[in-house]
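J.: I need the structure of the sequence given here:
(chains A, B, C and D)
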There are 2 protein chains.
Amino acid sequence: MDAALTLFAERGYLGTSMRDIASQLGMRAPSLYNHLESKQELLQDIMLRTMENLVADHQMAVATTNDVAEQLRRAMEAHVRYHARHPREVRIGNAEIWNLEQPAQDRVRKLRRDYARSWQDVINRGVDEGRFQTPSPQLASYAMLEMGIGISLWYHEGGRLSESQLAYYYGDMALRLVSAESG
Amino acid sequence: MDAALTLFAERGYLGTSMRDIASQLGMRAPSLYNHLESKQELLQDIMLRTMENLVADHQMAVATTNDVAEQLRRAMEAHVRYHARHPREVRIGNAEIWNLEQPAQDRVRKLRRDYARSWQDVINRGVDEGRFQTPSPQLASYAMLEMGIGISLWYHEGGRLSESQLAYYYGDMALRLVSAESG
DNA sequence: GGGACGTCTGAACGGTCGTTCGCCAAGGGA
DNA sequence: TCCCTTGGCGAACGACCGTTCAGACGTCCC
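T.: Next comes the predicted model:
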């Protein structure tokens, strides 16, 4: 539900009441229960869908080439584009894991772990092939993941930089981080 | 208050009740009001103190040298060390701005802006001196700031990397990001 | 026309929240 | 000994929370 996305992103899960969401839709709170089970279900749907889409975009991006430097660039571009396009989802995803009840919380954590591991695999392969150079592939991957997250906080569509410029610059920075020649 | 720090960091400001905090101290909630004005006062104290200390550490680090590459390295090291040493404060600082009432919220935002601007100044100077190379000094500064924030989420003292190793590696990555020769 | 269905609603539920109040025990200065 | 301060406490406050429920309305098929 779009209204919930906006409100959760702005005020947080606990800071948003069912009455708030309903009022955004011109209804009263009880009416919501004709369309959903509970507030928690809303959060779980949002977070699971968000992580699954992110991972899907990532895998698609990595699969489009065999050149490891190009893989890293495209992974970063997909990462950045996703964060620029879905800032509300990402903000919720990063802030509200603790408010997710089990077993959904563990499912999201597993998706995150898989995502991080896939990044490390790319970097490790680059190091093995002698294309990348870094003191710690793990730290490099963490840094790259984090770099994208901030985008969801300040990027908005009409800004100085287009989404494509943003993606290109961040892809560039990812390659610099491991001292790679740009693809 | 140390108990509030831990609880706010774990469950969030809205997810923590005065009864929770009191119970962590072996008291009942009303007793807390002998020592503080309100729950909001707790949050404001934590966040203002945190940002002021971070800025102070940063300015101290940058002032210790005139070489711009070394300034960038030391700024990143101070940034990383602060996030590794004060994970609870940083987590709260990043998650709870929206729960800060005015005028404290604007004060914190201003401190953040000043901090970010100081990073951009260093990078811009490096570019002007021909020591750094980057398509966008602003994006580079955002990326560096973000890189540190994640540390507060996963670093703990007994981990595989010591705080000093962490600081060194991240300083290294900051210089790589702007393609600078290490100091 | 009539009943079944989907949807919105006011009222209300039990619970938790931040905070206030009046009371009580302990301790120290006179 | 008396008094005053300090700090902790049970009870209680009004507000708000997520959710339930019985009813009211409209729309469709028969």
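
J.: For residue A:52, give me its contacts.
T.: By CB atoms under 8 Å, 6 or more residues apart in numbering or on different chains, residue A:52 lies in contact with residue A:111. In short, each C-beta sits where N, CA and C put it, glycine included.

J.: Could you do residue A:93 as well?
T.: Residue A:93 touches A:46, A:47, A:50, A:51, A:108, counting by CB under 8 Å, 6+ apart.

J.: And the first one, how close does it get to residue A:130?
T.: Distance, residue A:46 to residue A:130, by CB to CB, to the nearest Å: 42 Å.

J.: who's more crowded, those two?
T.: residue A:46 (22 against 7; other CB atoms under 10 Å in any protein chain shown).

J.: any idea which element residue A:148 lies in?
T.: helix A:137-149 (DSSP states H and E).

J.: helices or strands up against that helix?
T.: Secondary-structure packing of helix A:137-149 (3 or more CB pairs under 8 Å, 6 or more residues apart in numbering or on different chains; DSSP states H and E): helix A:68-85, helix A:104-128, helix A:163-177, helix B:137-149, helix B:163-177.

J.: Mean pLDDT, distance to DNA strand C and mean neighbour count for these - can I get that in a markdown table?
T.: Putting the helices and strands packed on helix A:137-149 into a markdown table (pLDDT from 0 to 100; distance: least, CB to the nearest atom of the strand, whole Å; neighbours: other CB atoms under 10 Å in any protein chain shown) gives the following:
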| stretch | mean pLDDT | distance to DNA strand C | mean neighbour count |
| --- | --- | --- | --- |
| helix A:68-85 | 97 | 29 | 22 |
| helix A:104-128 | 97 | 19 | 16 |
| helix A:163-177 | 96 | 35 | 21 |
| helix B:137-149 | 95 | 26 | 22 |
| helix B:163-177 | 96 | 33 | 21 |
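
J.: quick one, which of those helices is nearest to residue A:20?
T.: helix A:104-128 (22.1 Å; CB to CB).

J.: Output the contacting helices and strands for that closest one.
T.: So helix A:104-128, by 3+ CB pairs under 8 Å, 6+ apart, packs with helix A:39-63, helix A:68-85, helix A:137-149.

J.: Can you lay out those as JSON lines showing distance to residue B:164?
T.: Listed next are those as JSON lines, based on distance: least, CB to CB, whole Å:
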{"stretch": "helix A:39-63", "distance to residue B:164": "33"}
{"stretch": "helix A:68-85", "distance to residue B:164": "28"}
{"stretch": "helix A:137-149", "distance to residue B:164": "14"}
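
J.: Select, out of these, the one closest to residue B:24.
T.: Using CB to CB, the nearest of the helices and strands packed on helix A:104-128 to residue B:24 is helix A:39-63, at 25.8 Å.

J.: Next, the angle from that closest one to helix A:104-128.
T.: In terms of direction (axes from the mean of the first three to the mean of the last three CA atoms, to 10 degrees), helix A:39-63 departs from helix A:104-128 by 20 degrees.

J.: Helix A:39-63 near DNA strand C anywhere?
T.: No: applying CB under 7 Å from any atom of the strand, one finds helix A:39-63 separated from DNA strand C by no less than 12.4 Å.

J.: List the buried residues in that helix.
T.: Buried positions in helix A:39-63, judged by neighbour count with 16 or more other CB atoms under 10 Å in any protein chain shown: A:39, A:42-44, A:46-48, A:50-51, A:54-55, A:57-58, A:61-62.

J.: separation between residue A:139 and DNA strand D?
T.: Note on residue A:139: its distance to DNA strand D, by CB to the nearest atom of the strand, to the nearest Å, is 39 Å.

J.: Disregarding residues adjacent in the polypeptide, which is nearest to that residue?
T.: Using CB to CB, 6 or more residues apart in numbering or on different chains and skipping the chain neighbours, the partner closest in space to residue A:139 is residue B:169 (5.3 Å).

J.: again with residue A:133
T.: residue A:179 (4.5 Å).

J.: The residue nearest to residue A:139 against residue A:136, yeah?
T.: Yes: the pair residue B:169 / residue A:136 is scored as a contact, 5.5 Å apart, by CB atoms under 8 Å.

J.: hmm, back to that, among the contacts of residue A:93, find me the one that's closest to DNA strand C.
T.: residue A:46 (19.8 Å; CB to the nearest atom of the strand).

J.: what's the closest non-adjacent residue to that closest one?
T.: The spatially closest residue to residue A:46, leaving aside those adjacent along the chain, is residue A:92, at 5.8 Å (CB to CB, 6+ apart).

J.: ok, the one you found - how many residues close by?
T.: What residue A:92 shows, counting by other CB under 10 Å, is a neighbour count of 25.

J.: quick one: secondary structure of the residue nearest to residue A:178 when sequence neighbours are not counted?
T.: Spatial nearest neighbour of residue A:178, excluding adjacent residues (CB to CB, 6+ apart): residue A:132 at 3.8 Å. With DSSP: H, G, I helix; E, B strand; the rest coil as the basis, residue A:132 sits in coil.

J.: Would you check that residue A:132 makes contact with residue A:176?
T.: No: using CB under 8 Å as the test, residue A:132 is too far from residue A:176 to be in contact (10.8 Å).

J.: Tell me how chain A divides into domains.
T.: Recorded structural domains for chain A (assignment: automatic domain parsing) are A:1-36, A:39-177.

J.: Show me which residues of the shortest one are buried.
T.: For domain A:1-36, a neighbour-count test (16+ other CB under 10 Å) marks A:1, A:3-5, A:7-9, A:12-16, A:18, A:20-22, A:32 as buried.
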